[in-house]
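Trainee: sharing a model prediction with you, sequence too.
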Amino acid sequence: MTIDGTFRTGDRVLVGAHGQADVAARVILASPDGRSLMLEFPGGLFGVAGGAYLGTMPVLQQADGRWIELINQREVSVRKVPASFICPRCGAVSYNPNDLRERYCGRCHVFVDD
Ligand SMILES: [Zn+2]
């Protein structure tokens, strides 16, 4: 079990809760150790069976590395969306750190300048 204290405000994450497919969210607040987060869902709502969260969900990482929702103490999964470079010309997505740094598109075979 890895204690991942690298979550920061602004990170994009995928959240799995209540056995549902992962949902994209964004870290809008993070404690200094990155283990207490406030997540915000696009569109302002995260629907669940029997209810919904109005836009945000506070989550807390336990000592053993598991994440729980602060509100109801149920376990959730929180993982970071890997940083990516999206080519503004063709829309290709690359997770290669070199492409990200150099803004290189392997489909267009060009370095993209904005
Ligand atoms: Zn491209």
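Mentor: On my side now, so go ahead.
Trainee: for Lys80, give me its contacts.
Mentor: Contacts for Lys80 (CB atoms under 8 Å, 6 or more residues apart in numbering) come out as 4, 6-7, 11-14. For glycine as for every other residue, the C-beta is placed from the backbone atoms N, C-alpha and C.
Trainee: could I get these as TSV with neighbour count?
Mentor: Listed next are the contacts of Lys80 as TSV, based on neighbours: other CB atoms under 10 Å:
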residue	neighbour count
Asp4	14
Thr6	11
Phe7	22
Asp11	19
Arg12	13
Val13	19
Leu14	14
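Trainee: so which of those residues belong to strands?
Mentor: Judged by DSSP state E, the contacts of Lys80 include 12-14 as members of strands.
Trainee: ok, of those residues, which one's closest to the ion?
Mentor: Set against the ion, the nearest of the ones in strands among the contacts of Lys80 by CB to the ion is Arg12 (21.1 Å).
Trainee: the closest one bridge partners, please.
Mentor: Note on Arg12: beta-bridge partners by DSSP bridges are Arg26.
Trainee: doesn't Val81 make contact with it?
Mentor: Yes - under the criterion of CB atoms under 8 Å, Arg12 makes contact with Val81 at 4.2 Å.
Trainee: so what's in contact with these two at the same time?
Mentor: Residues touching both Arg12 and Val81 by CB under 8 Å, 6+ apart: Ala24.
Trainee: do you know the pLDDT at the most centrally placed residue in the chain?
Mentor: The chain has Val13 as the residue nearest its centroid, 0.6 Å off, counting by CA atoms, centre = their mean. In this model, Val13 is scored at 91, pLDDT.
Trainee: next: Tyr95.
Mentor: pLDDT for Tyr95: 88.
Trainee: and Thr2, by the same measure?
Mentor: Confidence at Thr2, expressed as pLDDT, is 40.
Trainee: now Cys105
Mentor: pLDDT recorded at Cys105 is 95.
Trainee: and what of the one 4 residues further on?
Mentor: Looking at His109, its pLDDT reads 96.
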